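Colleague: Sequence first, then the predicted structure, then my questions.
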Amino acid sequence: MGVRLVEPLPRTDNQIYREQKMTSDRRATRIHANYATLVLLCTAAFTGTALAGEKPPLLPDEPSALTTTSRVSATIEFGLPSIASAVERDVPRRLATIDERIGCVNRRVLVFRIRANCDVDGFVDRGGISLYGRGDHIVGSIPIFGSIEGQGANRFTARIHGDAEGRAMVEVESRPKLTKDWSVDLNFSDSFHWTEPPVLHVLGRDISLTKYAEPSIRRQLGLIRGRAQATARRLDLHDKAAKAWEQAFQPVQISQDPQVWLQITPASAAFAGIHADARDLSGSLELTGTAQTLVGQAPSAVTPTPLPPLGNDIGQPGTFDILLPVRVNYDTLRDKIMQVVAASKAGPIVKEMQIYPSSGKLVIGVRVAKPGDTDATAGEWIYLSGALNVDPGQQSIKISNLAGDSSLPDGSVAAQLQNEILDQLKDIPDVGYGLAYQNLLNAANERLNRPLKNGFRMEGKLTTAKLDSIHLLADGVSIALRASGDLKILYGM
């Protein structure tokens with residue numbers, strides 16, 4: 001006996017429409033049922049006992065001092081041409097004058113040996129002194145040129161005559177150092193060599209005259225080194241460093257709205273190297289101390305301490321760190337949550353919401369009342385609490401681990417209504433603080449670049465930031481971000 005397969009008849013459009021309508025009606029029925037449940041729970045609650053347990057107390061976090069260890073670079077720059085000019089003024093153009101009697105002829109003619117003396121007169125002058133930087137070295141060059149003439153010393157040798165010219169290049173190099181007494185030690189070493197040594201040609205004989213010129217030249221080069229060293233010491237880095245030290249104590253307003261101030265209190269100074277480029281010599285210090293950020297009124301004036309002794313050398317100044325406080329008001333969080341509630345089925349019964357801190361947690365107080373009840377005092381309060389987390393990458397805060405009052409009896413109307421409210425708030429969107437942070441960062445970078453007193457100026461740029469701490473204060477959430485970058489106090493640049 002076979003089995004006969006019968007193909008189902010195709011559904012008509014009316015059948016498809018009736019099936020879709022039944023599905024839609026069932027979905028609507030569930031939504032209305034949930035809404036009706038809320039309404040019934042709310043109505044039952046308001047005819048019975050009070051809903052919520054005890055209201056959590058207002059216990060905000062204590063405001064913490066936004067203080068961190070930080071470093072400021074103080075760079076003092078002097079033009080190398082000015083040092084070269086000072087040496088130029090102190091060192092004469094003529095390095096050596098030659099006035100010697102030498103034996104210029106000593107040869108055998110036939111059976112006779114002829115010896116004759118010559119008077120040698122001449123001079124050696126220098127050209128312009130140039131200094132330039134190359135990495136952490138100062139390099140200088142001095143061209144030297146001279147003219148020498150030899151003449152027979154008596155009437156029998158008067159016809160003996162010769163002359164010569166010579167050229168030399170003196171190259172000097174120094175790796176400047178800052179000594180403990182704040183003076184700059186150039187410690188020049190020179191390399192002296194003739195490019196065209198002076199040679200006197202007399203009667204077919206070549207007489208080198210370098211030994212007659214070089215002693216005077218080398219004495220003058222010693223004078224040049226001494227003059228350059230004295231000029232460098234007159235730069236008075238100690239006085240400039242002391243003024244830079246005083247400037248670092250002055251408070252800086254880094255934001256107008258909100259008012260945020262930066263107060264740096266340096267504690268120590270270390271030498272961070274002397275560097276030179278094509279035209280300038282610069283000495284860098286690292287001022288280490290604390291950087292404090294204050295919100296509100298300008299901080300009280302800080303009396304600068306004396307410039308401390310110079311510490312040990314370091315490779316280069318460290319980064320400048322500052323804590324930037326970003327505020328998110330509780331009203332902003334409440335408005336974000338109320339938007340979620342208004343779009344949910346709990347919207348008709350949630351009449352009011354409060355947000356405040358309590359012992360490190362965020363409390364969300366919700367006043368629920370019957371739909372359509374406009375009485376400002378009607379209904380009861382449900383109190384939920386949760387944690388506040390920060391996502392530095394997304395620059396946002398998120399409410400997590402939201403929970404209700406665990407003391408409510410299981411199965412009670414209050415517990416059921418609390419669970420319904422919790423269910424509606426489980427997907428509260430993140431609240432971004434990126435715009436507030438960027439505005440504060442831009443304002444800080446703008447105000448960290450400004451002129452100071454006595455020829456100094458400040459240059460700063462903050463580039464990166466990471467989360468340092470979060471506090472639930474009485475007037476809002478404070479997110480402290482550790483911003484890092486460079487801050488310099490410059491002179492002569």
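Modeller: Thanks, I have the structure now. Numbering: from 1, shown residues only.

Colleague: Quick one: find the helix or strand in the protein with the lowest mean pLDDT.
Modeller: Least confident helix or strand of the chain, by mean pLDDT, DSSP states H and E, is helix 13-47 with a mean of 48.

Colleague: For the residue lying closest to L441 once chain neighbours are set aside, identify the helix or strand it belongs to.
Modeller: If the residues on either side of it in the chain are set aside, L441 comes closest to L462, at 6.0 Å by C-beta to C-beta, 6 or more residues apart in numbering. Glycine gets a C-beta too; all of them are placed from N, C-alpha and C. L462 is part of strand 456-473 when elements are defined by DSSP states H and E.

Colleague: Okay, now the sheet partners of that strand, with direction.
Modeller: Paired neighbours of strand 456-473 in the sheet (DSSP bridges): strand 450-451 (antiparallel), strand 476-491 (antiparallel).

Colleague: Just the CA trace of it, in PDB.
Modeller: This file holds the C-alpha atoms of strand 456-473, laid out as PDB (Å, rounded to 0.1, in the frame of the first residue of the first chain):
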ATOM      1  CA  PHE A 456      61.500  85.600  29.200                       C
ATOM      2  CA  ARG A 457      58.600  83.800  27.500                       C
ATOM      3  CA  MET A 458      56.800  80.500  28.000                       C
ATOM      4  CA  GLU A 459      56.200  77.800  25.400                       C
ATOM      5  CA  GLY A 460      54.100  74.700  26.100                       C
ATOM      6  CA  LYS A 461      52.200  72.000  24.300                       C
ATOM      7  CA  LEU A 462      50.200  69.100  25.900                       C
ATOM      8  CA  THR A 463      49.800  66.200  23.500                       C
ATOM      9  CA  THR A 464      48.700  63.000  25.300                       C
ATOM     10  CA  ALA A 465      46.400  62.200  28.200                       C
ATOM     11  CA  LYS A 466      45.400  59.200  30.200                       C
ATOM     12  CA  LEU A 467      43.000  58.600  33.100                       C
ATOM     13  CA  ASP A 468      44.400  59.400  36.500                       C
ATOM     14  CA  SER A 469      41.300  59.300  38.800                       C
ATOM     15  CA  ILE A 470      37.600  59.800  39.000                       C
ATOM     16  CA  HIS A 471      35.700  61.400  41.900                       C
ATOM     17  CA  LEU A 472      32.000  61.800  42.600                       C
ATOM     18  CA  LEU A 473      31.800  65.300  44.000                       C
END
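
Colleague: Just give me how far it sits from the chain centre.
Modeller: 9 Å (C-alpha atoms, centre = their mean, to the nearest Å).

Colleague: hmm, back to that, next, count neighbours for the residue nearest to L441.
Modeller: When neighbours are defined as other C-beta atoms under 10 Å, L462 has 23 of them.

Colleague: swap in the one 5 residues further on?
Modeller: Residue neighbour count, defined by other C-beta under 10 Å, stands at 14 for L467.

Colleague: Correct me if wrong: it contacts I479.
Modeller: Yes. L467 lies in contact with I479 (C-beta atoms under 8 Å); the separation is 7.2 Å.

Colleague: and for these two, which residues touch both?
Modeller: V390 (C-beta atoms under 8 Å, 6 or more residues apart in numbering).

Colleague: for the residue nearest to L441, what are its contacts?
Modeller: 320, 322, 324, 441, 444-445, 448, 483-485.

Colleague: Just the buried subset of these, please.
Modeller: 320, 322, 324, 441, 444-445, 448, 483, 485 (16 or more other C-beta atoms under 10 Å).

Colleague: Those residues in strands, which ones?
Modeller: 320, 322, 324, 483, 485 (DSSP state E).

Colleague: which outside residues touch the helix or strand containing K211?
Modeller: Taking DSSP H and E as the criterion, K211 maps to helix 210-233. Here helix 210-233 makes contact (C-beta under 8 Å, 6+ apart) with 83, 86-87, 90-92, 95-98, 100, 102, 120, 122, 124, 126, 129, 140, 142, 144, 146, 148, 166, 168, 170, 172, 176, 183-188, 190, 192, 194, 197-198.

Colleague: For the following helix or strand past it, the averaged confidence score.
Modeller: Downstream of helix 210-233, the next assigned helix or strand under DSSP H and E is helix 237-248. Mean pLDDT, helix 237-248: 86.

Colleague: Count the residues that sit near the residue nearest to L95 when sequence neighbours are not counted.
Modeller: Once flanking residues are discounted, L95 sits nearest to Q220: 4.1 Å by C-beta to C-beta, 6+ apart. Q220: 20 surrounding residues under other C-beta under 10 Å.

Colleague: Kindly state the pLDDT recorded for Q220?
Modeller: Here the pLDDT value assigned to Q220 is 78.

Colleague: give the contact list for L310.
Modeller: 178, 180, 182, 269-271.

Colleague: partner residues bridging it?
Modeller: Beta-bridge partners, per DSSP bridges, of L310: A269.

Colleague: repeat for H471
Modeller: Applying DSSP bridges to H471, the residues it is bridged with are S478.

Colleague: any idea which helix or strand carries E286?
Modeller: In this structure, E286 sits in strand 280-295 according to DSSP H and E.

Colleague: mind exporting that strand as CSV, just the C-alpha atoms?
Modeller: Extracted in CSV, the C-alpha atoms of strand 280-295 (Å, rounded to 0.1, in the frame of the first residue of the first chain):
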residue,chain,number,x,y,z
ASP,A,280,73.0,79.9,18.8
LEU,A,281,74.3,78.5,22.1
SER,A,282,71.6,77.3,24.4
GLY,A,283,71.8,75.9,28.0
SER,A,284,68.9,73.9,29.3
LEU,A,285,67.9,73.3,32.9
GLU,A,286,65.3,70.9,34.2
LEU,A,287,63.2,72.4,37.0
THR,A,288,61.5,69.6,39.0
GLY,A,289,58.7,70.2,41.3
THR,A,290,54.9,69.9,41.6
ALA,A,291,52.2,71.1,39.2
GLN,A,292,48.9,71.7,40.8
THR,A,293,45.6,72.4,39.0
LEU,A,294,43.0,74.5,40.8
VAL,A,295,39.4,75.1,39.8
